[in-house]
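Peer 1: Below are the sequence and a predicted model; questions follow.
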Amino acid sequence: MCHCYGNFSTGIDSESFQTCLSKGGGFHFPSCHILSICGFRILFDVPLDLSALTIFSPIPNDFDNLDEENCGCLESDKHRTLETTTLNARNLVYAEPCYKTVKNLHLWNASFIDVVLISSPMGMLGLPYLTRMKGFSAKIYVTEATAKLGKLMMEDLVSSHMEYKRFYGDKESVCPQGMKFEELDQLPPTLKEIALGKDGEDLGGWMPLYSAVDVNDCLKKVQTLKYLEETCYNGTLIIKAVSSGAEIGACNWAINSPKGDIAFITSSIFLSGHAMDFDYHALKGNDLILYSDFTFMHAMDDLDSGFNSAPVTDSIRSLASADISEERDKLAFVCSCAVDSVKNGGSVLIPIDRLGLILQLLEEISTALDYSNMKVPIYFISSVAKELLAFTNVIPEWLCTERQEKLFSGEPSFAHAELIKQKKLHVFPAIYSPELLMNWQEPCVVFCPNWSLRLGPVVHLLQRWCIDRNSLLVLENGIDAQLALSPYKPMEMKVLQCSFFSGISLNKVQPLLKILQPKIVAFPEDLRQISFQESTPFSILHYSENETLAIPNLKSSELEIPMELATQFHFKKLKQEHINVTRVKGELLVSNGKHQLISETKQADQLKCRPVLCWGSPSTDTLLAALSERGISGTVEGDTVDLEGENVSVVHVHEPNRACIKIGVAITVVTTADEDLAGRISDAIYSVLDNA
């Protein structure tokens, strides 16, 4: 509750803004946005760019005797087609790794962020950096499944990093050796661009990894949600998570506010083989769609096909039918390659971080090996492997319909539980586990998440098998394979780099939007080259990285006022003839996004004071004269830009005490530690404004 004296409309009608802090790099490095609406700042996702770890060297087998022969120049290998380069392993950074965060997020004052929305486990990996910042008090919303998977991924990352740290030693340094600008500036162009960015300004985004304590503290500040569960923030924003289909627990976001209804769409898959399907019902009819699926950046062939090659349909299932078939074909191809390698006496290494892909590949590869009558052990090696697999047996509400039906019919949702019972799948926390060493057999199939090829068990296994031409390494797209494999040269191992679905194909965006029927769509600038149909029923905005986009008013703000108050209005015409103002007294009730003005029950004589109602913006010359009349001296600094992108004039007061006056279009702010001086400055401001 609060007393309202006629300035309520300023809060409701404040403009909305969107800033893309980072376009990211597909599923593993989701984009990061800040949306300002109704005076609240909402941050979408806090990821880490783990692909940037490729500039570091993994722990070598023989660090002291590393020679040029083992670090020879990269060359094409007959099993794959990769661009050659003069880069060699000696150019990598030999130091404890730092981690690349969203480069411009650290420039924002953490106390200004009101809400954080996490869309996927990958979008959660940088959250501990934010939650430990001074002044951070934002509300963090994430689905229950994403919170659990994100926790396990962060714990595994900390565990893998500790192994690396034990090798290089425990150094008390904010910026480890090799991560200083002077050294990075001497790196080859490929590594330098990753480390410093194209503009050379990314160094501030590199951070030492957080600790296990930071992870636990972070999770204590998280509020978990189920799909479609509504939560209300500050009585104004109604927020709910909507299944995106990209991963177990991954979601898009729907936000209802007095300023309009907004949908945030990130990496999504219409029909999934493991996670709950894309839910488009909750995204229909929104005033604004903020489209943030940047997966197309890694599939530029879609740009030529445009938006119109997909059939016009009112069914999401029709749009997704071809994708499901193609995805199954990819999984089958990976399995056939794995079986061929095992038949030839080689082993298979699969460093994939996506839980859904791991579960499906476990099933497919096991079935393919049984069909070939081959008894080959499958290992899953990770510090959180046991807990990760156990978690997947208790999450039916986060799974696709097919998986749910299997569970309800008495079958396990996934095959890994039965594989463990049959001793076909073996789960171990580390490569050096005594039980693993006793059980180890080759050839074998090994799952060990860390697709950067720099941390964890994958490093040791690659060093073991890199010269075995019968062995197979399965990689996901989204990483520079040439750079990632450079420390393991000469490389005889076969490499299969796959592009699994993690986003909406470009040619299906326009049919999707026809189903969703928004009023406005905000697209990345990269999509400007794509032409929409002339009959498109929605307006199109384009945003660029690190530029603020002003969002037009989505709908008029409404304030419910009872008749007994409305009949008491006495309007006064301002100098601008089209504007009338009146004084209103009552209690403002804000609940579930609705605003109501309730009659004040107390009598007017009970009020100790009656605030002065002012309008307009004081000119600096007039204000300086009014201050001088009151014995206050000051100077004008000039125009500057505030955090909302608006021009403000600044007046610095020097006598009789220090103060600062910021004059904006809609508000004037006085800052001083002297209460008496603050009152005199306020009197001066009132004297130069129209008031009632």
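Peer 2: Thanks, I have it.

Peer 1: how far away is the closest residue to residue 328 other than its chain neighbours from residue 323?
Peer 2: Spatial nearest neighbour of residue 328, excluding adjacent residues (C-beta to C-beta, 6 or more residues apart in numbering): residue 273 at 7.4 Å. All C-beta atoms are positioned from the backbone trio N, CA, C, and that covers glycine. The span separating residue 273 from residue 323 equals 10 Å under the rule C-beta to C-beta, to the nearest Å.

Peer 1: again with residue 444
Peer 2: Taken as C-beta to C-beta, the span from residue 444 to residue 323 is 32 Å.

Peer 1: same thing with residue 38?
Peer 2: As for residue 38, its distance to residue 323 is 37 Å (criterion: C-beta to C-beta).

Peer 1: Please identify which of the two sits among more neighbours.
Peer 2: Between residue 38 and residue 323, counted using other C-beta atoms under 10 Å, the more crowded position is residue 38 (22 against 17).

Peer 1: quick one: pLDDT of that one?
Peer 2: pLDDT for residue 38: 88.

Peer 1: cool, the one 5 residues further on as well?
Peer 2: The predicted structure scores residue 43 at 97 on the pLDDT scale.

Peer 1: Contacts only, for it.
Peer 2: By C-beta atoms under 8 Å, 6 or more residues apart in numbering, residue 43 lies in contact with 32, 33, 34, 105, 113, 115, 116, 117, 130, 138.

Peer 1: of all these, which comes closest to residue 478?
Peer 2: For the contacts of residue 43, the closest approach to residue 478 (C-beta to C-beta) belongs to residue 32, at 16.5 Å.

Peer 1: The closest one reaches residue 47, doesn't it?
Peer 2: Yes: between residue 32 and residue 47 there is a contact under C-beta atoms under 8 Å: 6.5 Å.

Peer 1: Identify the contacts common to these two.
Peer 2: Going by C-beta under 8 Å, 6+ apart, residues that sit against residue 32 and also against residue 47 are 22, 24, 102.

Peer 1: per-residue confidence at the last one?
Peer 2: pLDDT, the model's per-residue confidence, is 91 for residue 102.

Peer 1: so it sits right up against residue 21, yeah?
Peer 2: Yes: here residue 102 lies in contact with residue 21, judged by C-beta under 8 Å, at a distance of 5.3 Å.

Peer 1: and those two? which has more neighbours close in?
Peer 2: Just comparing residue 102 and residue 21: by other C-beta under 10 Å the higher neighbour count belongs to residue 102, 25 against 21.

Peer 1: what about stretch 579-598, distance to the chain center?
Peer 2: Here the centre of stretch 579-598 is set off from its chain's centre by 36 Å, with C-alpha atoms, centre = their mean, to the nearest Å.

Peer 1: How far does it stretch from one end to the other?
Peer 2: 24 Å (C-alpha to C-alpha, to the nearest Å).

Peer 1: Which elements pack onto the top helix by length along the chain?
Peer 2: Ranked by residue count under DSSP state H, the longest helix found in the chain is helix 316-343. Secondary-structure packing of helix 316-343 (3 or more C-beta pairs under 8 Å, 6 or more residues apart in numbering; DSSP states H and E): strand 348-350, helix 355-371, strand 472-476, strand 494-498, helix 509-516.

Peer 1: Could you identify which of these is most buried?
Peer 2: strand 348-350 (a mean of 27; mean count of other C-beta atoms under 10 Å).

Peer 1: Look up how far residue 512 lies from residue 17.
Peer 2: 25 Å.

Peer 1: How about residue 675?
Peer 2: 57 Å.

Peer 1: Mind checking the pLDDT average for the helix or strand harbouring residue 217?
Peer 2: Secondary structure assignment for residue 217, by DSSP states H and E: helix 212-220. The average pLDDT within helix 212-220 is 96.

Peer 1: With stretch 678-692 instead?
Peer 2: When pLDDT is averaged over stretch 678-692, the result is 80.

Peer 1: what do you get for stretch 470-485?
Peer 2: 90.

Peer 1: Endpoint to endpoint, it covers what distance?
Peer 2: One end of stretch 470-485 sits 17 Å from the other (C-alpha to C-alpha).

Peer 1: Name the residues of stretch 618-627 that are buried.
Peer 2: Residues 618, 620, 623, 624, 626, 627 are the ones in stretch 618-627 that count as buried (16 or more other C-beta atoms under 10 Å).

Peer 1: just checking, the first one is part of a strand?
Peer 2: No: with DSSP: H, G, I helix; E, B strand; the rest coil as the criterion, residue 618 is located in coil rather than a strand.

Peer 1: who's in contact with the residue nearest to it when sequence neighbours are not counted?
Peer 2: Among residues not flanking residue 618 along the chain, residue 688 sits closest, at 4.7 Å (C-beta to C-beta, 6+ apart). By C-beta under 8 Å, 6+ apart, the contact set of residue 688 is 618, 619, 622, 623, 626.
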